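Engineer: For reference, the sequence and a predicted model appear below.
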Amino acid sequence: MGKDMDNGTKEPQYNELFEVERKFGRSKLGLMTNQSWNEDPKRLVFTLSRYKFVAKMLSDQTNVLEVGCADAFGSRIVAQAVKNLTVSDFDPVFIEDVKARASQEWPMEVLIHDFMESPINGNYDAAYALDVLEHISSNKEDVFLTNIKKSMTKSGILIIGMPSLESQIYASHASKVGHVNCKKSEDLKSTLLKHFDNVFIFSMNDEVVHTGFHRMANYILAVCTTPR
C-alpha cells in the first residue's frame, strides 16, 4: 500500500474503503463475468440488472433456487433479498469457480445438478433461470421445465429470462452457436402456460425492464405462478 493510502484518503469518510478491504480482501470477478468485464464491460450491467429484477420479484421468499447459475456472480444480488438461496449448474467448471470465490458473509448452497436428468428434492418456494432456456432444444424444454417444477412447492414462482428471437440478428457468433431455442415473447408465454397457470411477460432493453412492445425487446422475462 502506497504512502497516500497509508495516510488515508483526502476525504476521511472514504477511509472505510480500507477497512472493508482489510476485512474482506479484494473480491474477484467470476469466470464468465471476467470475460464480460474485459471484452464488453456494459454487458455486465445488463446481466446484473436481470438479477436485480429477480431479487425484487422474489424478495423475502424463504427458499429460492437458481438453475444454471454459471459463475453465480450476480446471484449475490438475489441472496441479499431472499432468506435462503441455492445456486446450481450442470457444469462442474462453473461450480468449482463459485466455490473458490465463496464468502461466509454471503452464504448460499452450491450444487452440481442437471435438470435434464431429474428434479431436486428441495421443495423451493421460487426458482429462476436466466440465460438458460435458450440453450435447450425445443423438443427437450418440457422435460427441463417439468423437473424444475417438481423441485418447487405447489404455490411456487418461476422466473425465466432469455434473449428474444428478434435480437438474434445482432447476436455474436459465439452466442448464436449456443442459442438453439430463442423465442418470441408469445411463444415463450405459450410454452410456460403448459406448466403454470399464470405467466406475465416483461420486455427488457439493455438494463431497462418495461411492458413495452415485445417485438422491440432484446431480452424477455417471464414471471410464472402456480405450477400445474
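Structural biologist: Good, I have the coordinates.
Engineer: Let me know the average pLDDT across the top strand by length along the chain.
Structural biologist: Using DSSP state E, we find that the single longest strand of the chain is strand 152-163. Taken as a whole, strand 152-163 has a mean pLDDT of 97.
Engineer: likewise stretch 20-34?
Structural biologist: Averaging pLDDT residue by residue across stretch 20-34 gives 94.
Engineer: Which parts of this structure are helices?
Structural biologist: Applying DSSP state H to the chain gives helices spanning 3-6, 16-24, 31-39, 41-57, 75-79, 92-100, 141-149, 173-178, 185-193.
Engineer: Next, format these as CSV and append distance to G156.
Structural biologist: For every residue, glycine as well, the C-beta is placed using N, CA and C. Below are the helices of the chain laid out as CSV (distance: least, Cβ to Cβ, whole Å):
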stretch, distance to G156
helix 3-6, 49
helix 16-24, 34
helix 31-39, 27
helix 41-57, 13
helix 75-79, 15
helix 92-100, 23
helix 141-149, 8
helix 173-178, 27
helix 185-193, 13
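Engineer: gap between the residue nearest the centre of the chain and E105?
Structural biologist: The structure's the chain has its C-alpha centroid closest to L130; by Cα atoms, centre = their mean the separation is 4.3 Å. L130 sits 23 Å away from E105, taking Cβ to Cβ, to the nearest Å as the criterion.
Engineer: and the residue lying closest to N123 once chain neighbours are set aside, how many residues sit next to it?
Structural biologist: Nearest non-adjacent residue to N123, counting by Cβ to Cβ, 6 or more residues apart in numbering: T153, 5.7 Å away. A total of 14 residues lie near T153 under the criterion other Cβ atoms under 10 Å.
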